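Undergrad: mind looking at a prediction? Sequence and model below.
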Amino acid sequence: MPTSPPRSAPRALSAALSAALSAALSAALSAALLRAASAAPRAPSCDVSETDFRAAYKRVSPSVVSVAAGRVVNGRFEGAQMGTGVVIGQGLVLTNAHVLGASGELRVRTYDRRVVKMWVVGRHEPLDVALLVEQNEGALGAPPPVTLAAGPVETGAWVAAIGHPYDMPHSLSVGVVSGPARNSEQLEWRGVFPGFIQTDLPLNVGHSGGPLINACGEMVGLNTQVRRDAQGLSFSLPNSRLRAVLRALKRGRPFTHSRVGLTLKVVSYQRGRRAGVPLRAGVRVQRVREGGAGARAGLRPNDIILSLNGAATDDVDELNWSLVSSPAGEPLTLVIARAPEVEGGAPPRVTLTLVPDPGAAPDEPDAPDAPNAPDAP
């Protein structure tokens with residue numbers, strides 16, 4: 001994988017390129033993340049509930065590129081896999097890791113039809129994210145970096161995808177959000193918590209790695225998966241995941257998870273009543289791993305976690321993600337409820353201190369068996 005300049009380059013040149021790449025990447029990605037955190041001001045007339053995406057398309061299209069992975073044969077590049085990418089900073093392109101495959105050469109084609117050689121800065125396979133950088137400074141030109149929306153999307157919100165399905169450039173698909181946080185149990189992504197945005201968009205081969213946008217032209221997710229055995233089931237990785245992975249890749253490190261030692265489940269109506277919690281409140285602890293962080297904090301099976309660091313929780317996937325993406329060693333405060341018949345009752349608050357889990361998958365929920373898993377568009 002071309003993550004650095006060729007080894008055959010002279011040492012002085014290699015060192016200079018490496019230093020320049022590191023400095024440029026750090027500055028560009030810091031600026032991109034700052035813009036994403038604050039979100040660019042919208043025009044006074046902008047309305048995210050709008051169903052007309054003409055203005056949003058014009059705003060975002062220059063930031064969308066096609067991505068080709070392949071090899072050079074007899075001096076000519078031959079693409080083997082195609083997808084889409086989105087510019088997130090000067091010289092930086094975000095896409096799906098599966099678009100790259102194992103190919104050794106990468107090219108992107110820009111809105112103004114430049115063909116640019118790229119290197120891989122880093123990738124995170126479990127969440128299917130890869131960050132690319134131009135090999136030659138300025139080669140991408142100056143397309144405007146996409147703006148990441150500040151908040152989550154809601155069910156029923158209008159969204160659109162821009163991509164290159166079957167090499168048809170800058171195609172627009174419009175639909176609605178069917179569900180804002182589809183978890184790993186439903187999608188058979190064992191060991192990761194993608195929290196996918198489910199939409200009814202018709203995504204096809206070549207859409208992978210492109211932006212999911214709102215009517216204001218802000219990116220709300222990265223188009224990643226479809227269910228090929230169904231109709232209108234497409235999935236995009238939300239900004240909350242993208243920001244966490246990009247922060248790690250910016251530092252030149254892989255994104256790693258903390259170890260929790262818990263398996264979490266939805267709170268049933270009966271269990272909630274026995275514990276005296278409001279309807280649809282909290283997340284149930286199904287299993288506590290012996291010797292793990294959860295066990296050391298005093299958590300027990302069937303405890304109900306009501307809040308994390310003061311923020312109420314009722315979503316299994318989002319709580320899983322909040323836990324595994326928190327830094328190891330950082331104490332977290334949980335408010336819990338416990339059924340009164342359990343011996344000893346429940347302390348109102350417990351402190352959970354996570355442990356590092358470099359290179360390993362986070363705790364897996366017990367997912368039901370399913371014959372079909374999502375595919376890459």
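TA: Now that the structure is in, tell me what you want to look at.
Undergrad: now for the lengthiest strand in the chain, which elements pack on it?
TA: Using DSSP state E to define each element, the chain has its longest strand at strand 76-89. On a contact count with 3 or more Cβ pairs under 8 Å, 6 or more residues apart in numbering; DSSP states H and E, strand 76-89 meets helix 11-38, strand 64-73, strand 92-95, helix 97-100, strand 105-109, strand 219-226. Every C-beta, even on glycine, is put in place using the N, C-alpha and C of the backbone.
Undergrad: next SSE after the first one?
TA: This points to helix 11-38. helix 54-60 (DSSP states H and E).
Undergrad: run the chain-centre distance for that following helix.
TA: 23 Å (Cα atoms, centre = their mean, to the nearest Å).
Undergrad: give me the buried positions along that helix.
TA: Residues of helix 54-60 classed as buried: 56-57, 59-60 (neighbour count, 16 or more other Cβ atoms under 10 Å).
Undergrad: list the buried residues of the helix or strand harbouring residue 246.
TA: Under the criterion of DSSP H and E, residue 246 resides in helix 239-250. For helix 239-250, burial by neighbour count (16+ other Cβ under 10 Å) applies to 239-242, 244-246, 248-250.
Undergrad: now distance to residue 74 and pLDDT too, for the residues you listed, in a markdown table please.
TA: Shown next, in a markdown table, are the buried residues of helix 239-250 (distance: Cβ to Cβ, whole Å; pLDDT from 0 to 100):
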| residue | distance to residue 74 | pLDDT |
| --- | --- | --- |
| 239 | 42 | 93 |
| 240 | 45 | 89 |
| 241 | 41 | 89 |
| 242 | 38 | 92 |
| 244 | 42 | 86 |
| 245 | 37 | 90 |
| 246 | 37 | 89 |
| 248 | 38 | 86 |
| 249 | 34 | 87 |
| 250 | 37 | 75 |
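Undergrad: which of the residues you listed lies closest to residue 117?
TA: Comparing these against residue 117 with Cβ to Cβ places residue 249 closest, at 19.4 Å.
Undergrad: any figure for the gap between the closest one and residue 355?
TA: Going from residue 249 to residue 355 by Cβ to Cβ, to the nearest Å gives 23 Å.
Undergrad: and for residue 133?
TA: According to Cβ to Cβ, residue 133 and residue 355 sit 33 Å apart.
Undergrad: and the two? Which one has more around it.
TA: Neighbour totals were compared for residue 133 and residue 355, and residue 133 leads with 22 against 13 (other Cβ atoms under 10 Å).
Undergrad: and that one, what element?
TA: Applying DSSP H and E as the criterion places residue 133 in strand 129-134.
Undergrad: so for that strand, what's the average pLDDT?
TA: The predicted model assigns strand 129-134 a mean pLDDT of 95.
Undergrad: cool, and stretch 355-364?
TA: Average pLDDT, stretch 355-364: 54.
Undergrad: pull the number of nearby residues for residue 349.
TA: Residue 349 has 10 neighbours, counted by other Cβ under 10 Å.
Undergrad: and what of the one 5 residues further on?
TA: Neighbourhood size, residue 354 [other Cβ under 10 Å]: 24.
Undergrad: looks like it contacts residue 322 (just checking).
TA: No - using Cβ atoms under 8 Å, residue 354 makes no contact with residue 322, being 10.9 Å away.
Undergrad: for residue 54, what are its contacts?
TA: With contact set as Cβ atoms under 8 Å, 6 or more residues apart in numbering, residue 54 has no partners.
Undergrad: show me the domain layout of the protein.
TA: With automatic domain parsing as the criterion, the domains of the chain are listed as 47-253, 257-357.
Undergrad: please compute how far the shortest one lies from its chain's middle.
TA: It stands for domain 257-357. Chain-centre distance of domain 257-357: 24 Å, with Cα atoms, centre = their mean.
Undergrad: just stretch 88-99 next, same as before
TA: Distance, centroid of stretch 88-99 to centroid of chain: 12 Å (Cα atoms, centre = their mean).
Undergrad: stretch 236-246 too?
TA: How far stretch 236-246 lies from its chain's middle: 3 Å, per Cα atoms, centre = their mean.
Undergrad: picking that back up, closest to residue 177 among the buried residues of helix 54-60?
TA: Nearest to residue 177 out of the buried residues of helix 54-60 is residue 56 (Cβ to Cβ; 15.2 Å).
Undergrad: separation between that closest one and residue 157?
TA: Distance from residue 56 to residue 157, by Cβ to Cβ: 13 Å.
Undergrad: so what sits against both of those two?
TA: Contact with both residue 56 and residue 157 is made by residues residue 214, according to Cβ under 8 Å, 6+ apart.
Undergrad: so what secondary structure elements neighbour the strand holding residue 133?
TA: helix 11-38, strand 92-95, helix 97-100, strand 115-124, helix 239-250.
Undergrad: just the buried residues of it, please?
TA: Buried residues in strand 129-134, counted by 16+ other Cβ under 10 Å: 129-134.
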